[in-house]
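1. My questions concern the predicted model and sequence given below.
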There are 2 protein chains.
Amino acid sequence: MTIITRVEALDIRFPTSRDLDGSDAMNAAPDYSATYVILHTDQGEDVTGHGLTFTIGRGNEICVAAVNSLASRLTGQRLEDITQRMGEFWRELTSGDSQLRWLGPEKGVIHLASAAMINAIWDLWAKRESKPVWKLLADMSPEQLVNCLDFRFVTDALTPEEAISILKRRESGKAEREAELRKNGYPAYTTSAGWLGYSEDKMRRLCREAIDDGWQHFKQKVGGDIEEDRRRAAILREEIGEERTLMMDANQMWDVDESIVNMRRLAEYNPHWIEEPTSPDDILGHAEIRRRLGNIGVATGEHCHNRVMFKQLMQAEAIDYCQLDAARMGGLNEVIIVLLLAAKFDVPVCPHGGGVGLCEYTQHISMFDYIAISGSLDGRLLEYVDHLHDHFVDPVQIRSGHYLVPDSPGYSITMKPDSRINYTFPDGQAWQ
Amino acid sequence: MTIITRVEALDIRFPTSRDLDGSDAMNAAPDYSATYVILHTDQGEDVTGHGLTFTIGRGNEICVAAVNSLASRLTGQRLEDITQRMGEFWRELTSGDSQLRWLGPEKGVIHLASAAMINAIWDLWAKRESKPVWKLLADMSPEQLVNCLDFRFVTDALTPEEAISILKRRESGKAEREAELRKNGYPAYTTSAGWLGYSEDKMRRLCREAIDDGWQHFKQKVGGDIEEDRRRAAILREEIGEERTLMMDANQMWDVDESIVNMRRLAEYNPHWIEEPTSPDDILGHAEIRRRLGNIGVATGEHCHNRVMFKQLMQAEAIDYCQLDAARMGGLNEVIIVLLLAAKFDVPVCPHGGGVGLCEYTQHISMFDYIAISGSLDGRLLEYVDHLHDHFVDPVQIRSGHYLVPDSPGYSITMKPDSRINYTFPDGQAWQ
């Protein structure tokens, strides 16, 4: 038995804006940050659950305030009482306090805060089972998994019964797929060379280093001046050659018609997808862009705030790639619902990784997806961003453009104590 | 010249849950609350701008934190510099700090906080012009109005040029419509008798009182047990007769298919509309419900978080009535965009009024809409809830089920100083 005795929320920020790491057309100078949650237990300081939600700096204090407002809903609870009825618990935390629900519902700050807390429960649960989260999930029966989920507002597209039949379809072959991942890793793409604030020299150097390291898939930020976007695309294409993949990411800079005009001007560089061309809320806009662009894929999801939005992106045939975010959705429970929707609608899931801790989370999601839900690597790529991994106790490991299977118990999100202290805002040493 | 010297944010809560005022199926016991913003100026305490965003209790402190995080973007600014470029200013406040934008974008806590601040600017502006907000707007030229708006992410449905032509179409007849409103007021419906937590006796008594007061349109909360909903509908229909209007409001309790099944069971009571049958994010779900229900209108909007969502609700022909919320949308600027979209798509706007201060706001919106945009009262009804008006310096005035034209300068949202002090949470007298 494990009782959650205290919920601690930390405001941790990394001054990434100093080097323009993570810079794009919408987000000129982000400081990658985490609203970091520690669930303390009655089992001592060796048994704690960790989770974070990702923000880009200012406003992280608002998410911390939201975690503190939600904390009383976890304090004093037994882990086992939560995990036995994980789906119901999820609804209670995200919607059970109707006064707090009003602030969303299921979106923005209150949902981000819930995500950190829910992911911390999964981390604690997996640690108690001595398994990495992907393995905890992959070992569950279809019925156990569905018991973790809340199907409210998606039953017109996916019922619990359909979810079980999707999971049953993949029960055979799980061991083989796990073995394959252990051998080859999960394929990935890199965003590290393509940030908007980087100079030409830095881009070329990073491309060459990445190719030497075995990377096959590259992403470029666009959405600034279109001539400048074309110039940078030409540089990247020159460096990576025609045989490698180039994705583009506009970070919501365009209106619907603008997206189409601009992507036609970038088409000669053969982009694999255009990511976030317009408002993340614009389901019908993405569908229109996809219809009119034809052979350039449309991708979105890092700002898609819940399962109801993803359901519609799929119903409307608006996206070719689903880029869910492990910390913007209401934690792993809601992420699994989206994996199941994506399997039903045959949309590959390529999670968002551009942020502190997101790569650590998403490796679990994609590996579980492959083993137990999609059963396929076709069109699937995990995002990789080469920043801030050294702050984690179990950082992601990359080899030749593939994520290696994480084996430590938990959700890989536990941050080193020194990092937590030094980057606490505004009192940590890094901010002095 | 007027300089904003300080942004003050108050956490004001009314203990409405004690009497179950405002109770519905999703929100069992709300404490109507306000994140209340005062813009202090260099012109002394007689020249201040007031605005609020509405919440239902817990979590109001998170919105207050968000206002404090945004405050530096207003402090030190000249009112005239803002109002001369109101559209650009709006985008700067809601999206200009990309770090804060990450928390939405344009949704949830950060957008609610922006709304309070933006509405406070409109209040200050109107007070400086010695006009009520509706009149300030109605007196603007089409070009001046469009200069107040940000069309980002809606140009596929509405361009600035189209907006100007919609406004020009209504330039003639403005004086006549204003005179008509002054004579007759703006038609309204009442929610005061239909809260879920009220007993049969209380419902019957409130219905009779409302009919005596001249009300013709009534709203009932549904979404609890369906037999209980039917029983309460029968009581209300019995009291108000066949000739008066009965609306129903499910407050998001149902999935898509459930909405259709349940409304078919309530159809015999002849509901004028079903409000919020399902998730406020489910554009395609509302469209499906509307298609399958046929002659019961579909209404939603109080949780619709921005213009991009309303654009799609209209593009998808998902709603018969647009129930925008004056404090959930990013303030009056974004509300006006939705009024223009609604005019283009021929959807009547019936703003949400169930909350503290919302009736005070929405009277300005609907009167301006009638005078300058829609030019019609067909299908339009303002919501009226008979709570908490006595806390305002210029409360709404109702006569025979109509709102009377407000004449005091500003946005009618200035709360009495005693109320602000007594209901401050947690230290005010009301909370001791």
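-> That came in fine, so what should we check first? Numbers count the residues shown, from 1 in each chain, chains lettered A, B, ... in the order given.
2. Which positions in the stretch 251-400 of chain A make contact with chain B?
-> A:252, A:255-258, A:278-285, A:288, A:303, A:305-306, A:308-309, A:311-312, A:315-316 (C-beta under 8 Å from any C-beta of the partner chain). All C-beta spots, glycine's among them, are computed from the backbone N, C-alpha and C.
3. how about the strand or helix carrying residue A:220 as CSV, C-alpha atoms only?
-> Under the criterion of DSSP states H and E, residue A:220 resides in strand A:217-221. The C-alpha trace of strand A:217-221 is given here as CSV (Å, rounded to 0.1, in the frame of the first residue of the first chain):
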residue,chain,number,x,y,z
HIS,A,217,14.7,12.8,-41.2
PHE,A,218,15.0,16.5,-40.6
LYS,A,219,12.6,19.3,-39.6
GLN,A,220,12.8,23.0,-40.5
LYS,A,221,11.0,25.9,-39.0
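4. Contacts for that strand next, please.
-> A:23-25, A:187-191, A:193-196, A:207, A:210, A:232-233, A:236, A:240, A:244-251, A:272, A:275, A:381, A:383, A:401 (C-beta atoms under 8 Å, 6 or more residues apart in numbering or on different chains).
5. Might you report the residue contacts of residue A:348?
-> Each residue near residue A:348 by C-beta under 8 Å, 6+ apart is listed here: A:320-322, A:342, A:374, A:376, A:378-380.
6. again, only this time at 10 Å
-> Applying C-beta atoms under 10 Å, 6 or more residues apart in numbering or on different chains to residue A:348 gives the contacts A:297, A:299, A:319-323, A:342, A:369, A:374, A:376-381.
7. Just the closest of those residues to chain B, please.
-> Proximity of those to chain B (C-beta to the nearest C-beta) peaks at residue A:319, which lies at 14.0 Å.
8. any idea which element the closest residue to the closest one other than its chain neighbours lies in?
-> Leaving aside its sequence neighbours, residue A:319 sits nearest to residue A:313 (C-beta to C-beta, 6 or more residues apart in numbering or on different chains; 5.0 Å). Residue A:313 is part of helix A:307-315 when elements are defined by DSSP H and E.
9. That helix to helix B:307-315, inter-axis angle?
-> Computed by axes from the mean of the first three to the mean of the last three C-alpha atoms, to 10 degrees, the angle separating helix A:307-315 from helix B:307-315 equals 50 degrees.
10. Could you report the distance from the residue in the stretch 1-150 of chain A positioned nearest to chain B to residue A:330?
-> Going by C-beta to the nearest C-beta, chain B is nearest to residue A:108 of the stretch 1-150 of chain A, at 1.6 Å. Distance check for residue A:108 against residue A:330: by C-beta to C-beta, to the nearest Å, it reads 11 Å.
11. quick one: common contacting residues for those two?
-> residue A:305.
12. can you give me the strands in chain A?
-> For chain A, the strands defined by DSSP state E occupy A:4-13, A:33-41, A:49-55, A:186-190, A:217-221, A:245-249, A:271-275, A:297-300, A:321-322, A:382-384, A:398-399, A:402-403.
13. Show residues contacting the last one.
-> Contacts with strand A:402-403, where a contact means C-beta under 10 Å, 6+ apart, come from A:181, A:184-188, A:214-216, A:353, A:359, A:362-364, A:366-367, A:382, A:384, A:396-397.
14. Let me know the average pLDDT across that strand.
-> Throughout strand A:402-403, pLDDT has a mean value of 98.
15. Just checking: what are the partner strands of that strand?
-> Strand pairing for strand A:402-403, using DSSP bridges, gives strand A:186-190 (antiparallel), strand A:398-399 (antiparallel).
16. Give me the angle between the longest one and strand A:271-275.
-> Counting by the same axes, to 10 degrees, strand A:186-190 lies at 80 degrees to strand A:271-275.
17. now strand A:186-190: how far from the chain's centre is it?
-> In this view, strand A:186-190 has its centroid 14 Å away from the chain centroid, taken as C-alpha atoms, centre = their mean, to the nearest Å.
18. just stretch A:396-405 next, same as before
-> Offset of stretch A:396-405 from its chain centre (C-alpha atoms, centre = their mean): 17 Å.
19. Using PDB, list the CA coordinates for it.
-> What follows is stretch A:396-405, C-alpha atoms only, in PDB (Å, rounded to 0.1, in the frame of the first residue of the first chain):
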ATOM      1  CA  VAL A 396      16.600   9.200 -23.700                       C
ATOM      2  CA  GLN A 397      19.200   7.300 -25.600                       C
ATOM      3  CA  ILE A 398      19.600   7.700 -29.400                       C
ATOM      4  CA  ARG A 399      21.500   5.500 -31.800                       C
ATOM      5  CA  SER A 400      21.600   6.200 -35.600                       C
ATOM      6  CA  GLY A 401      18.400   8.200 -35.600                       C
ATOM      7  CA  HIS A 402      16.500   5.700 -33.400                       C
ATOM      8  CA  TYR A 403      15.300   5.800 -29.800                       C
ATOM      9  CA  LEU A 404      16.600   2.900 -27.700                       C
ATOM     10  CA  VAL A 405      14.100   1.200 -25.500                       C
END
